[in-house]
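# Below are the sequence and a predicted model; questions follow.
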Amino acid sequence: MSASVRLDDELVRQARIAAKAEFRTVQGQVEFWAKVGRAALDNPDLPVEFIAESLMALSEPREEAQSFAPRSKM
């Protein structure tokens, strides 16, 4: 389902810049920001960077995923 939403021109300008850097559409960038914001509100104890990186990792195709390999043994 899709819906039309009015957005502030400055927000769209910023989304256009970020979308280009992140290889997303403007719509995809705004959707990503909304998901990050919702997850941040649901998890106020987590850093926003962690949330954003986790969401990006979850969106990657499974066949391209890399196994976790610790750098050092404790």
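Received the coordinates, thanks.
# so where is the chain shaky, pLDDT-wise?
74 (pLDDT under 70).
# can you give me the strands for it?
Here the chain has no strands by DSSP state E.
# which residues in it form helices?
Taking DSSP state H as the test, the helices found in the chain are 9-22, 26-42, 48-59.
# neighbours of A15, just the number please.
21 (other C-beta atoms under 10 Å). Every C-beta, even on glycine, is put in place using the N, C-alpha and C of the backbone.
# residue contacts, it?
L7, V26, Q29, V30, W33 (C-beta atoms under 8 Å, 6 or more residues apart in numbering).
# shouldn't the first one be in contact with W33?
No - the pair L7 / W33 is not scored as a contact, 10.7 Å apart, by C-beta atoms under 8 Å.
# The two - which one has more neighbours?
Per other C-beta under 10 Å, whichever of L7 and W33 has more neighbours is W33, with 15 against 11.
# Leaving out sequence neighbours, find the closest residue to that one.
Nearest residue to W33, sequence neighbours excluded (C-beta to C-beta, 6 or more residues apart in numbering): A15, at 7.3 Å.
# do the same with A18
Q29 (5.2 Å).
# ok, the residue nearest to W33 to E49 distance?
For A15, the distance to E49 equals 19 Å [C-beta to C-beta, to the nearest Å].
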